[in-house]
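K.L.:
model this:
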Amino acid sequence: MSKLISFFQPARLLEMRPYSQPQTLKIMLGFFVLLGLIAIVIKLWEIYQQPTGYQKKLADKYLTFFGWLSFLGLFMVLARHERAPFISARFWLIVWLIIAIYWLYSIIKYQIKVVPEVQKQIEQKKQLQKYLSKKK
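P.N.:
Numbers count the residues shown, from 1 in each chain. Next comes the predicted model:
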C-alpha cells in the first residue's frame, strides 16, 4: 500500500528528469504505437467503406482522437528516452490521461445522443418519401 501512496506523491510526479526502466519505455511505446495503428485502421476503413454523413463524422472524431493521442504519447516516450528536462516529467502523462478521458467522453456522448437522433430522422425521411410522388 505504501508503494501506491508513494506513486502519487507530488515530488515523484513533478520530477523533471524521471528515470524510466527500459521495459516501461517499451510498454509505453507499444501502447502508443497501438493507438496509432487503430487510427490507421480507421482511416483505411474510411477509404474502403466511404461512409457518409454521421458515420464519416464519427469516424473522423475517432481518427483524430487516436491519431493525436498516439502522436503526443510517442513524443512523450521520445522525451523520456532522451531524459529531456520538463518535457519528460511524469505529470504530462496525467495531463495526457485527463485530456484523453475528456475527449473520449465527448465522442461517446456524440455517439450516444446525436447519432440515434440522426438515424431516426433518416428513417422518418424514408417513410415520408414512400408517400410522396416520385419526380420524373
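K.L.:
Excluding sequence neighbours, find me the nearest residue to Ile94.
P.N.:
Distance criterion Cβ to Cβ, 6 or more residues apart in numbering; nearest residue to Ile94, sequence neighbours excluded, is Leu13 at 6.9 Å. For the C-beta atoms, the positions are set from N, CA and C on the backbone; glycine is no exception.
K.L.:
Any idea how many residues pack against the one you found?
P.N.:
Neighbour count for Leu13, taken as other Cβ atoms under 10 Å: 15.
K.L.:
could you check the distance from it over to Trp96?
P.N.:
13 Å (Cβ to Cβ, to the nearest Å).
K.L.:
How about the contacts made by Leu34?
P.N.:
Shown in contact with Leu34 (Cβ atoms under 8 Å, 6 or more residues apart in numbering): no residues.
K.L.:
Could you report the distance from it to Lys56?
P.N.:
Taking Cβ to Cβ, one finds Leu34 at 24 Å from Lys56.
K.L.:
Now Arg83: phi and psi?
P.N.:
Main-chain dihedrals, Arg83, degrees, to the nearest 10: phi 60, psi 40.
K.L.:
burial of it, as a residue count?
P.N.:
There are 13 residues near Arg83, going by other Cβ under 10 Å.
K.L.:
roughly how far apart are the residue nearest to Ile94 and Arg83?
P.N.:
17 Å.
K.L.:
same deal with Phe75?
P.N.:
14 Å.
K.L.:
likewise Trp103?
P.N.:
Trp103 is 28 Å from Arg83, by Cβ to Cβ.
K.L.:
if you go through this protein in chain order, where are the strands?
P.N.:
Counting by DSSP state E, no segments of the chain form strands.
K.L.:
which intervals of it have sub-threshold pLDDT?
P.N.:
Scanning the chain for pLDDT under 70 picks out the ranges 1-4, 7-8, 16-19, 134-136.
K.L.:
Which parts of stretch 91-104 count as buried, going by neighbours?
P.N.:
92-93, 96, 100 (16 or more other Cβ atoms under 10 Å).
K.L.:
picking that back up, residues contacting the residue nearest to Ile94?
P.N.:
Per Cβ under 8 Å, 6+ apart, neighbours of Leu13: 89-91, 94.
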